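S.K.: coordinates for the following, if possible.
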Amino acid sequence: MASKAAALAERKRDLRVLIVESDVDDVRRVRDLLAAKGDFVMHAARTIDEAQALLDDGMFDVALVDSAIWTSEGSALARHLRERRNDVAVVLLTNGDNEREALPALKLGAHDFISKAHMEEGGQLVLRIEGAYDENRSLRRRDTMVRWLEREARTDHLTGLYNRHAFDERLREACQQARDARRPVTVVMVDLCGTRIVNDVHGHDVGDDMIRRAALAIARCIRGGDTAARIGGDDFGIIIPDGDIALGRLIARRIAQEVERLNTNEWFDQVPVTLTFGVATGVSCEPSELFAAADQQLNDYKSVRPMISVLRRHEESNGPFVA
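M.R.: Residues are numbered from 1 along each chain as shown. The predicted structure is shown next:
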């Protein structure tokens, strides 16, 4: 109980309020009420531009906004808060106490409202401010948890790369974008060789370490907009949006060279990593076609050393091709 009271006291001391109100008398009245009821740090803005400038420059917990500003010209302010300062809770100051009248403003993202006619004692205003702050903080915690769970559901926990589910999802998106823009998308399949033997001889811990090291080399060599995923036990996939076959082969060669360098230097006392690659590119092709083309090339040209699979160029009118 004592810790809860301390938390409430700390929250109250730190509560920073921005009043967005064109009426000077209303601003003064709100200031006086809050000053009498608690330790609030208050700033005021009479226009949308002033409010946005203060929000960008200062730290605020709650914005008290006149509902007329919010609903008429305030859509820009609502968008600004939603896109750039969603950590700020919003309480509307309305002229009436009819919730139906406040509904359009609440739909723009406000957390609560209070009638100016019911602020005289001040306690109700403080309760609405603190309630909106607590609600917004809870919503943000929930959103953070949802994002964390979504990321967890798409992450391979051994390597930190994306997993197969995320790879398939991103490949569908990349193929659709390639069709729409008439631009190529490339898939690089990567196979880590020898893990079964390593697992049998040295144990699964050493095999897992090889997988992690291979993933590290791959992650170092792709571009910022590319997607690398562990799609099987010792198989990886790389999606290269807006990349042709030459770029796919270049990235595969870069990975192979990085593995050779690491095997010689940092990994010289560990089981060496050996990779094989398959590369395919398409424009108007299905994700399954592109994946199958790269996977087939990988299976046809597996090797016992890092290499780039090379075969005679084969093209189809709308399908993927490999090189």
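S.K.: average model confidence for stretch 261-276?
M.R.: Across stretch 261-276, pLDDT averages out at 92.
S.K.: what residues of that stretch count as buried?
M.R.: 262-263, 267, 271-276 (16 or more other CB atoms under 10 Å). C-beta coordinates here come from the backbone N, C-alpha and C atoms, glycine included.
S.K.: mind listing what V190 touches?
M.R.: By CB atoms under 8 Å, 6 or more residues apart in numbering, the contact set of V190 is 214, 218, 235-238, 252, 255, 275-277, 298.
S.K.: could you dump these into a markdown table and include distance to A53 and secondary structure?
M.R.: Converted to a markdown table, the contacts of V190 look like this (distance: CB to CB, whole Å; DSSP: H, G, I helix; E, B strand; the rest coil):
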| residue | distance to A53 | secondary structure |
| --- | --- | --- |
| A214 | 50 | helix |
| I218 | 45 | helix |
| D235 | 53 | strand |
| F236 | 48 | strand |
| G237 | 47 | strand |
| I238 | 44 | strand |
| A252 | 50 | helix |
| I255 | 48 | helix |
| L275 | 53 | strand |
| T276 | 57 | strand |
| F277 | 53 | strand |
| L298 | 56 | helix |
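S.K.: in helices, which of the buried residues of stretch 261-276 fall?
M.R.: 262-263 (DSSP state H).
S.K.: and the least confident of the contacts of V190?
M.R.: Lowest-confidence member of these: L298, scoring 87 (pLDDT).
S.K.: that one - how many residues pack around it?
M.R.: 22 (other CB atoms under 10 Å).
S.K.: picking up where we left off before, which one of the contacts of V190 sits closest to D66?
M.R.: Among those, I238 lies closest to D66 (CB to CB), at 53.0 Å.
S.K.: how close does that closest one get to A51?
M.R.: Look at I238 and A51: by CB to CB, to the nearest Å, they are 46 Å apart.
S.K.: same check, this time on V91
M.R.: 14 Å.
S.K.: in this structure, which helix has the most residues?
M.R.: helix 123-153.
S.K.: ok now it, how far from the chain's centre?
M.R.: 18 Å (CA atoms, centre = their mean, to the nearest Å).
S.K.: repeat for stretch 196-205
M.R.: 36 Å.
S.K.: what about that stretch, average pLDDT?
M.R.: 91.
S.K.: and stretch 34-48, by the same measure?
M.R.: 84.
S.K.: which residues are in contact with it?
M.R.: 12-13, 15-22, 24, 27, 30-31, 51, 53-54, 58, 60, 69, 73-74, 76-77, 122-123, 125-126, 129.
S.K.: ditto for stretch 76-90
M.R.: 18, 20, 48, 51-52, 55-56, 60-63, 65, 69-70, 108-112, 129, 132-133, 135-137, 140.
S.K.: now those residues: which count as buried?
M.R.: 18, 20, 48, 51-52, 55, 60-63, 65, 69-70, 108, 110-112, 129, 132-133, 136.
S.K.: in helices only, show me the residues you listed.
M.R.: Going by DSSP H, the helices hold 48, 51-52, 55, 69-70, 129, 132-133, 136 from the buried ones among the contacts of stretch 76-90.
S.K.: which two among those are spaced furthest apart?
M.R.: I48 and Y133 (22.2 Å).
S.K.: quick one: contacts for V126?
M.R.: 34, 37-38.
S.K.: can you get me a residue count around W148?
M.R.: Number of residues near W148 (other CB under 10 Å) recorded here: 10.
S.K.: cool, and T155?
M.R.: By other CB under 10 Å, neighbour count at T155 equals 17.
S.K.: bridging residues for it?
M.R.: Y162 (DSSP bridges).
S.K.: what about it, distance to T195?
M.R.: 21 Å.
S.K.: and S138, by the same measure?
M.R.: 46 Å.
S.K.: over to E50?
M.R.: 62 Å.
S.K.: same check on L158?
M.R.: From L158 across to T195, the span is 12 Å (CB to CB).
S.K.: quick one: common contacting residues for those two?
M.R.: Joint contacts of L158 and T195 (CB under 8 Å, 6+ apart) are I211.
S.K.: show me where pLDDT drops low in the stretch 51-200 of the chain?
M.R.: Along the stretch 51-200 of the chain, the parts satisfying pLDDT under 70 run over 72-74, 96-102, 105, 121-122.
S.K.: residue ranges of the helices in the stretch 201-323 of the chain, please?
M.R.: Counting by DSSP state H, counting those that start in this stretch, the segments of the stretch 201-323 of the chain that form helices are 204-221, 245-264, 287-300.
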